[in-house]
Every structure is written in structure tokens, then in C-alpha cells.
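Enquirer: My questions are about this predicted structure, shown below with the sequence.
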Number of protein chains: 2
Amino acid sequence: MADTTETEPMDMMPEPLRARERAERIHADIRSRICMLDYPPGMKLSETALAAELGISRTPIRRVLARLEDEGLVTSVHGVGTMVTNVDYSEMSQVYRLRKELVLLQTVLDPVHPDATFLQRFRALYARSEALKAAPSARDFSLLDQDTFLTLLDLTANAPLRTMAERLYFRTARIWLQQVTGSQIDLMQEIDIYARELQDLLGALELGDLDAVGHIRRGHISMSFARMRV
Amino acid sequence: MADTTETEPMDMMPEPLRARERAERIHADIRSRICMLDYPPGMKLSETALAAELGISRTPIRRVLARLEDEGLVTSVHGVGTMVTNVDYSEMSQVYRLRKELVLLQTVLDPVHPDATFLQRFRALYARSEALKAAPSARDFSLLDQDTFLTLLDLTANAPLRTMAERLYFRTARIWLQQVTGSQIDLMQEIDIYARELQDLLGALELGDLDAVGHIRRGHISMSFARMRV
DNA sequence: CCCTCAACTGATGTATACAACATTAGGCGA
DNA sequence: TCGCCTAATGTTGTATACATCAGTTGAGGG
């Protein structure tokens, strides 16, 4: 006994999924860069370059890119390359119509009523939206919207619904940023509207009225898409 | 000119996606075998064995298995193997609840009104259900249900909704077959009910009443899950 | 007889060389 | 000068050897 082996003593949850966790991080990282337009539509994502950047081989990269292709964020063509997909209006319109319906289901199917911790988290999000008024930033706005979405996702315990809502969100996350950088919508106005929306949601959450939360979000999603000129 | 090269003359759509098409077929094939219980829950799917069986290497097999894992049909563990997932009741319950809602959306979001060709296809499905009464077969029943689902999927043009509905369907396609092979539900009774359901749907389709189609299907899905004793 | 441990086996995960493919630049001839 | 053909280049897709990991089995010692 008393060996000097490097293994953990016992049941320490020694992360038996190192590889998988790494793949998950890479996936979320590339997805974030695409949604933040660091990788703009049409950009070629070279497997070799990504592998070199991350210090690994092409094999795990290819797995991540295949998943991103399944999610509709990139498209690979043999002999040509892997390119970030363009945002097609009619396609985005379909996704938005579906998201409007799914957001209602998120407060109907296996709803999780918000506790004090949740309300605390949401108030922090609202504070960030108010802070954005003083220091407007399209990028910070997008990050706030992403965090808000992920937070509100905890209101449902329906696993497949969570998965699908998340996929659809990241499918459309780019277009708002694309619009505001093209000056087709006004950043300050969007921030003001967003802060008010979070205030609305906070009121409904404090009342524990999840049905109201769903319908308020539905309206926000609908108007957000309507404000875009595509 | 008049070269004897093997290339097609021009714009003949020379299938530039041979590899992709093959992967698609393999994916649908393995998925079918899992849903038909040819690969029962818990069975180990060896990458090496599958590769040898198909006469290719592990690489494209791994891509297919990764997608199947993302769809929740298999699960891979490093050093152990790739196993067909079990059907968990609470999980299936969540999927069924979501499917009940999505089936309504399928006739509301971007509905496609059935034409004569569609009605013809659906009448053929109904004929198959009547034929099953004379020659009951759980496997043929499952195949009919699968074809019916895919046919009715054409009633919506919303691409992301189609994708998600399909994923959820194949997620739950196994449990009926599992129940009927375990004699926990009566095959003849199920066939009778199914034939009547198709008749109901045919009536609504002939009237062009898509709203009725959605609600009829919702009821059928709900009752189908209720009849199961899990 | 039982417990321990170490080697063995077979599985998935990774790295790398090669094949298939599409694009592009440049040379060659009409 | 124009057009076509060819070679070169860079990409994704595939095959394969190797690394890593988990379960198993069996020998050895108490």
C-alpha cells in the first residue's frame, strides 16, 4: 500500500471524459465565434489551421465541424473547404416562426418555477442591460442576450425541448449582430427595448407567472424579427 | 474535342456527393435496425465489425455513430464500446409530450395542402393497414407507421420543424415494438385502432382540413402512449 | 479459500499518410 | 490574342497504425 501512483485515491470523479469535454469546449468555442461574427458568413474554416491553432490533429476537429454542419452553422464540400453558412432570410423566417412557438412550450412542458437563486441571476442580467445604456456595445449586447437565453432555458425540465430550443437559438443568434453592424437597426434603441423587456420578464418571474413569461417572450421574439430589414 | 474522358459532358449533376450519400444511407440503415430492434437496447455496436461488414474503414463509421449518439440512439464510452441506448420511461414521456405539441405545429407552420398525389399515397398507406389485419406482423406495422409519419411530414414546409419532428419520432419509434414483443399490448387491437386512425386522417385530408389532421394526430399520439404499460 | 494485483484483451480516441476532388495558374498552340 | 489543356496546389474524405482506457482473467500470496 501507500503507493506513489498518480491515480486519485477513490471515487473522486476523475473526469473520465477528458476527450469528450475538450470536444464540447471546442464546439462551444467555434460556435461562439461564428455567432459573434468573428468567423463571418462565407469564411473558410481550414481543418488544418484549426488543428494547428489548438495543437491537436484534424481528427477531433472534423468531429466538431461535422456537428456544426448538422446544426447548420457550417457546410463542408469535398475538395473545396468548410465554410461558415450564410444567413438566408426565408430560412431564418422559418426558424423564428418555430422559436415563437417553442418559447411558449418552454413554460408549459415540465415547467420549473423560479426560486430565489434564479431571480438573483435574472436581476444580474437586468443590471447588465442597464449598464449597457452607459457603454453601448453590440458584442456585449449579444453576449447578454445569449446569457439571458441560457438562463431562461432553466425554466423547463423537458430535455429534448431544451436541446432543440438551444439549437434554434444559435441558428439565429448571428442575424441581429449582422443587422446592427450594418447599421440597419439602431443599437441604442435595441438596448433600451431590451432593458424594458427584461424588466417585464422580471415582473412576471417575481409573480411566478410562467404563462406570462412565455407570452411576453413570444412577443419579444416576434417584434425583434419584425424590426429587422432584410 | 470529342474526348474520350470519363467525365460527364456538362451540368448532368454527376453526384458530387457520393461519400455523403453513402454516409446518409448507412446512417438511415443503422437507425432503422435500432428502431426495428434488430440492434436491441444494450447491444454493443463494434466499429471494427461494422466497418468490416460494410467493406470500409472505421473513419466514416465513426462519423455516423457520432451522429446517432447526438440523436440519442447510441452512446459511446472510451475503452468500453458503443452501445444502443435503453429506453427510459421518464425520458420517453418527455419526448412524447413534446411530440404532441409539435404535431399541431406541423399543420400550422408553413402548411402544405395535400394534392391528389398525396391523397393517393395516403390511401395506399390505409390499404396497408387493412392488409395487416389479415396478416398481422409487428415489424410490418412498425414499417407502416414509419412510412405514415414520413408521408405526413410533407404537410409542412418548415424545414427546422421537419428535422426536429423526425429526430423525435425515431427517438421513440422503438418503444411500441418493444411493448408489443413483450406482449404488454395486443397487436391485433393496435392494428385495428391504427386502421381506424388512418381512416380518420384520410377523411380530414380529403376535406383539406389540416387543423383537424393535427388535432386527430395529437389525440392518437397521446392515446398510443397511454396504452403502454411501462 | 479468498483477496490482490498485474498483464492481457478489446474497445474507442487520436495522429498521420494517402486518395479523391475542385480550383487556379500557366504554358502551348491555333 | 484567345482558347484549351495540363500541371500544381490546397481542400475534404478515407485508411491505418498507434495511444489511451476499461473490463477480465488468472496466477500468486496470505
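Expert: All right, it came through fine. Residues are numbered from 1 along each chain as shown, chains lettered A, B, ... in the order given.
Enquirer: residue ranges of the strands in chain A, please?
Expert: Secondary structure of chain A by DSSP state E: the strands cover A:74-77, A:81-84.
Enquirer: Dump these to TSV, plus mean pLDDT.
Expert: Listed next are these as TSV, based on pLDDT from 0 to 100:
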stretch	mean pLDDT
strand A:74-77	98
strand A:81-84	98
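Enquirer: Chain B is nearest to which of those?
Expert: With CB to the nearest CB as the measure, strand A:74-77 is the member of the strands of chain A nearest chain B (8.0 Å). For glycine as for every other residue, the C-beta is placed from the backbone atoms N, C-alpha and C.
Enquirer: which parts of that closest one are buried?
Expert: A:74, A:76 (16 or more other CB atoms under 10 Å in any protein chain shown).
Enquirer: now stretch A:60-72
Expert: In stretch A:60-72, counting by 16+ other CB under 10 Å, buried: A:60, A:61, A:62, A:63, A:64, A:65, A:66, A:67, A:68, A:71, A:72.
Enquirer: Just the ones of those residues in helices?
Expert: Mapping those onto helices (DSSP state H) picks out A:60, A:61, A:62, A:63, A:64, A:65, A:66, A:67, A:68.
Enquirer: Just put those in CSV and tack on pLDDT and distance to residue A:51.
Expert: Output for those, formatted as CSV (pLDDT from 0 to 100; distance: CB to CB, whole Å):
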residue, pLDDT, distance to residue A:51
A:60, 98, 8
A:61, 98, 5
A:62, 98, 9
A:63, 98, 12
A:64, 98, 11
A:65, 98, 11
A:66, 98, 14
A:67, 98, 16
A:68, 98, 15
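Enquirer: want to try JSON lines for these, with distance to residue B:98 as columns?
Expert: Formatted as JSON lines, these follow (distance: CB to CB, whole Å):
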{"residue": "A:60", "distance to residue B:98": "31"}
{"residue": "A:61", "distance to residue B:98": "32"}
{"residue": "A:62", "distance to residue B:98": "31"}
{"residue": "A:63", "distance to residue B:98": "27"}
{"residue": "A:64", "distance to residue B:98": "27"}
{"residue": "A:65", "distance to residue B:98": "28"}
{"residue": "A:66", "distance to residue B:98": "25"}
{"residue": "A:67", "distance to residue B:98": "22"}
{"residue": "A:68", "distance to residue B:98": "24"}
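Enquirer: filter the residues you listed down to the ones close to DNA strand C.
Expert: Residues shared between those and the neighbourhood of DNA strand C are A:60, A:63 [CB under 7 Å from any atom of the strand].
Enquirer: Out of the ones in helices among the buried residues of stretch A:60-72, which comes closest to DNA strand C?
Expert: Set against DNA strand C, the nearest of these by CB to the nearest atom of the strand is residue A:60 (3.9 Å).
Enquirer: who touches the closest residue to the closest one other than its chain neighbours in this structure?
Expert: Spatially, and ignoring its direct neighbours in sequence, residue A:60 is nearest to residue A:23 (5.9 Å; CB to CB, 6 or more residues apart in numbering or on different chains). The contact partners of residue A:23, by CB atoms under 8 Å, 6 or more residues apart in numbering or on different chains, come to A:60, A:63, A:64.
Enquirer: cool, and residue A:165?
Expert: Contacts of residue A:165 (CB under 8 Å, 6+ apart): A:99, A:102, A:103, A:106, A:153.
Enquirer: mind running it again at 6 Å?
Expert: Contact partners of residue A:165, counting by CB atoms under 6 Å, 6 or more residues apart in numbering or on different chains, are residue A:102.
Enquirer: again, but for residue A:85
Expert: Listed by CB under 6 Å, 6+ apart, the contact set of residue A:85 reads residue A:75.
Enquirer: pLDDT score for it?
Expert: In this prediction, residue A:85 carries a pLDDT score of 98.
Enquirer: what's the burial count for the closest residue to DNA strand C within chain A?
Expert: Relative to DNA strand C, the nearest point of chain A is residue A:79 (2.6 Å; CB to the nearest atom of the strand). Neighbours of residue A:79 under the rule other CB atoms under 10 Å in any protein chain shown: 5.
Enquirer: Now the phi/psi pair for it, please.
Expert: phi 80, psi -10 (degrees, to the nearest 10).
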